[in-house]
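Novice: predicted model and sequence follow; I will ask about them next.
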Amino acid sequence: MKLFRMLSVKPWTAEGVLENPDDEVAYNLPAEKVGLRIFLVVATMIFSLIAAVYLARMSLGDWRPLSDPWLLWPNTALLIASSAALQWAIISLRRGDKAGLKFGLVAGGVLAWAFLAGQLLAWQQLTSLGYFADMNPSNAFFYLITGLHGVHLLGGLVAWGRTMGKFRRGQDIAQLRLSVELCTAYWHYLLVVWLIMFSLMLLT
Amino acid sequence: MSTTTAPADSDLVRPAEVEEVELYHAKSFITKYIFSQDAKVIAIQYSVTATAIGFVGLVLSWLMRLQLGFPDFFSFIDATDYYQFITLHGMIMVIYLLTALFLGGFGNYLIPLMIGARDMVFPYVNMLSYWIYLLAVLVLLASFFVPGGPTGAGWTLYPPQAILSGTPGSEGGIILMLVSLALFIIGFTMGGLNYVVTVLQARTRGMTLMRMPLSIWGIFVATVLALLAFPALFVGAVMMTFDSLLGTSFFMPVIVEFNEQLEYGGGSPILFQHLFWFFGHPEVYIVALPAFGIVSDLISVHSRRHIFGYRMMVWALVGIGALSFVVWAHHMYVSGMNPWFGFFFATTTLIIAVPTALKVYNWTLTLWKGNIRLTIPMLFSLAFIVTFVNGGITGLFLGNVAVDVPLSDTMFVVAHFHMVMGVAPLLVVFGAIYHWFPLVTGRMFHQGMAQFHFWVTFIGAYLIFLPLHYLGFLGVPRRYFEMGDTSFIPESAATLNSFVTIVALIVGFAQLVFIYNLARSTTKGKISERNPWQATTLEWQTPQVPPGHGNFGAELPVVYRWAYEYGLPGARDDFVPQNTPPDQVMADGGGEVEPSPQPAE
């Protein structure tokens, strides 16, 4: 473990400059990627705390499981497709295939928007059946979890919009690489979060 | 990790490779001083905003003390006001003042300068962080002006009372409070990502993690804690907003209000307490760890001695940070819990005393045989050590379930946490402001006023809070608007309360002297010499004072040693800056440098 090795150095024993400049950065990555990883840790805290409260609240007497709207299944498929499209964008970018990159980026974004629209429809389905947030804690958690997940995805779509802007301005494909990689990593992360939260709501 | 003891021939030291950093360049007054992306300007914005809202918190404490010291005398304070003052005072001081000042203020100013970076890694996000923080402060202030006023739920915002109609501010105040907290957390996360990634990735050549000054270590670990802990408050705040606005029952149990059953039911208030304190306890260390780090540097600089046990200091910071996540339920002993849980949390709580005591020993041993200069920052640092020990020891009392239960609702707890996380970190804040004032402004503060500020604050803090311990033992309850007919509390308790109030007002006014001193010295103070404290760290070695845009000149500094090289035998000065090349250290210009004597560890 590099960090542990770093922490055991005795700084007073030696003067001079490091031989290996790599040791000066903790991770051999661009700052943006380190930043994203740390943000994902923060987001993981949020969703795992919600899951913990969900399980704790579930054990109290008044919990009635929510019959999850069927629309969540096609929505999940949309989110998977969105993630896959962005992965396609990365693969095309590595190959230098500009058309494939464009297809992947556009499809990824559009599918994510479609997912969000689908989630809103699911909310509408539920409310039209009279399942409001205050009816039962399971309903409340459904709105809370889908809402927070949606807000995170919206934030991702802002980053996606900026990436599209760079693409439109015809930036060099190599310069786009970092933005596309960051978007894709975030999309995969949100997909995993959704799959876990969705299964939590299905199974309970 | 291999290091070379640099040979006399400095040609072997490679030139500093200055990466082409896309530095943001301000084009107008507005982008330079208002919507600035320069971490130093953002730091000052954070500090000024935090101090301003801190003064609101201070005035609220005066009003509270007036009521406690002279009940029934001030007709303009009724019970509703009193609870609003308590709530806002606590929330402002802990979150909007101390957290924002230590991380947003000192973090932004010191991190890039002390690790040899030109700026934070994400300057635009950094700017957003400040503006969202300002918005959070404004939303908080707005709650004074909505019908019903700000929330009076206590700074812990416990449901169900926080959102029920009996509590002041349940109309709109509580919602604005929760929204403000959520905004604060979003703004902080943006800043926090910057602080962490800058420390990890943007250190200059030679600045290894273990060569960083302890100030940076303290701020770094505190930021990591905050990034992990604030989500709990965020989740709690969002859920309570749901409960309040949408009528959900995450935390709300079955409630009968005025003979009428409310729509709520089945929720658990204890769940909120867990969320709150999972954030709330690390929050103590989010405030304390930067203070620990900064005071280590102040003590070392002003006693001309290397910090004793540097590695242990770093490990203790990390250890305290880790432990702070497994002690939260010691705030909930009176909420009722399985005795085994109580046992577990009491044990972990007491274990925290080990790394903290280690730090106190190391500060003391740094002073031992040091060349102590009783400058203003040093006075504040010494006052901090004493105060932190005093506040910490009462923490050992309260960490035990059996002692905590009877004391929990008394003034003893108020005295404890004010000493340990109010007064102690604030003493460091003052010391640090005096220490870095010549760097930030290029001028020296007025010594006489600073002495006055120190002695009144230090002695005054003890005159205020030592009696509160005693009042707590007498059984004077906290959170009470007035005591009423309480036969078991002697008359003299009321006299003591009046005395505390008078001292609190005097100490409060001494803070105005402090602000006046800073404001006046910024423009009229004596021009400070460069590096007036003869410190080794990089922020004092910049080509311009105050540091210009981009912090360092054409080349970033290269770091050759740790930050604590004081009193090196045979050296030209009694301190060796971190970026002095090894061949320029010795008085005779000779190159061979003995490593400094190894500190006992």
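Specialist: Good, I have the coordinates.
Novice: can you pull the contacts of B:F122?
Specialist: A:31-32, A:35, B:193-194, B:197 (CB atoms under 8 Å, 6 or more residues apart in numbering or on different chains). Using the backbone N, CA and C atoms, a C-beta is placed for each residue, glycine as well.
Novice: I'd say B:M239 and A:L49 touch.
Specialist: No. At 10.0 Å, B:M239 and A:L49 do not qualify as touching, with contact defined as CB atoms under 8 Å.
Novice: just to revisit the earlier point, quickly name whichever of the contacts of B:F122 is closest to B:P406.
Specialist: B:L193 (43.7 Å; CB to CB).
Novice: who are the packing partners of the helix or strand where the closest one lies?
Specialist: Assigned by DSSP states H and E, B:L193 falls within helix B:173-201. Helices and strands touching helix B:173-201, by 3 or more CB pairs under 8 Å, 6 or more residues apart in numbering or on different chains; DSSP states H and E, are helix A:31-58, helix B:79-91, helix B:108-115, helix B:123-142, helix B:214-245.
Novice: let me have these in a markdown table, extended by distance to B:M586.
Specialist: Listed next are the helices and strands packed on helix B:173-201 as a markdown table, based on distance: least, CB to CB, whole Å:
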| stretch | distance to B:M586 |
| --- | --- |
| helix A:31-58 | 38 |
| helix B:79-91 | 54 |
| helix B:108-115 | 26 |
| helix B:123-142 | 40 |
| helix B:214-245 | 27 |
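Novice: please name the nearest non-neighbouring residue to B:F341.
Specialist: B:A329 (6.2 Å; CB to CB, 6 or more residues apart in numbering or on different chains).
Novice: residues contacting that neighbour?
Specialist: So B:A329 contacts B:274, B:277, B:337, B:341-342, B:345 (CB under 8 Å, 6+ apart).
Novice: and it, what pLDDT?
Specialist: B:A329 carries a pLDDT value of 93.
Novice: where does pLDDT dip in chain A?
Specialist: Within chain A, the ranges that satisfy pLDDT under 70 run A:1-2, A:18-24.
Novice: tell me where it has helices.
Specialist: Counting by DSSP state H, chain A has helices at residues A:2-7, A:31-58, A:72-95, A:98-128, A:137-168, A:173-203.
Novice: Serialize these to TSV and add fields for distance to chain B.
Specialist: As requested, the helices of chain A are exported to TSV (distance: least, CB to the nearest CB, whole Å):
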stretch	distance to chain B
helix A:2-7	5
helix A:31-58	4
helix A:72-95	20
helix A:98-128	12
helix A:137-168	4
helix A:173-203	12
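Novice: got JSON lines for those, with mean neighbour count too?
Specialist: Output for the helices of chain A, formatted as JSON lines (neighbours: other CB atoms under 10 Å in any protein chain shown):
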{"stretch": "helix A:2-7", "mean neighbour count": "11"}
{"stretch": "helix A:31-58", "mean neighbour count": "18"}
{"stretch": "helix A:72-95", "mean neighbour count": "19"}
{"stretch": "helix A:98-128", "mean neighbour count": "18"}
{"stretch": "helix A:137-168", "mean neighbour count": "18"}
{"stretch": "helix A:173-203", "mean neighbour count": "17"}
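Novice: minimum distance to B:D297: which of these has it?
Specialist: So among the helices of chain A, helix A:2-7 is nearest, using CB to CB, at 18.9 Å.
Novice: can you spell out which helices and strands pack onto that closest one?
Specialist: helix B:310-323.
Novice: buried residues of the helix it packs on, list them for me.
Specialist: B:310-314, B:316-321, B:323 (16 or more other CB atoms under 10 Å in any protein chain shown).
Novice: then stretch B:381-393?
Specialist: Those would be B:381-385, B:387-392, for stretch B:381-393 by 16+ other CB under 10 Å.
Novice: stretch B:349-362 now?
Specialist: In stretch B:349-362, counting by 16+ other CB under 10 Å, buried: B:349, B:352, B:355-356, B:358-360, B:362.
Novice: could you do stretch B:476-495 as well?
Specialist: B:476, B:478, B:481, B:493-494.
Novice: just the C-alphas of that stretch, formatted as PDB.
Specialist: Extracted as PDB, the C-alpha positions of stretch B:476-495 are listed here (Å, rounded to 0.1, in the frame of the first residue of the first chain):
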ATOM      1  CA  VAL B 476     -29.100  23.900  37.000                       C
ATOM      2  CA  PRO B 477     -30.700  22.500  33.800                       C
ATOM      3  CA  ARG B 478     -29.600  23.600  30.400                       C
ATOM      4  CA  ARG B 479     -32.100  24.600  27.700                       C
ATOM      5  CA  TYR B 480     -34.400  26.200  30.300                       C
ATOM      6  CA  PHE B 481     -35.800  29.600  29.700                       C
ATOM      7  CA  GLU B 482     -36.000  30.300  33.400                       C
ATOM      8  CA  MET B 483     -35.500  28.200  36.500                       C
ATOM      9  CA  GLY B 484     -38.700  29.200  38.300                       C
ATOM     10  CA  ASP B 485     -39.200  27.800  41.800                       C
ATOM     11  CA  THR B 486     -36.500  25.200  42.100                       C
ATOM     12  CA  SER B 487     -36.000  24.500  45.800                       C
ATOM     13  CA  PHE B 488     -32.900  22.300  45.400                       C
ATOM     14  CA  ILE B 489     -30.900  25.100  43.700                       C
ATOM     15  CA  PRO B 490     -29.600  27.700  46.100                       C
ATOM     16  CA  GLU B 491     -30.100  31.400  45.700                       C
ATOM     17  CA  SER B 492     -26.400  31.800  45.000                       C
ATOM     18  CA  ALA B 493     -26.800  30.000  41.700                       C
ATOM     19  CA  ALA B 494     -28.800  33.000  40.400                       C
ATOM     20  CA  THR B 495     -26.000  35.400  41.600                       C
END
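Novice: many thanks, have a good one.
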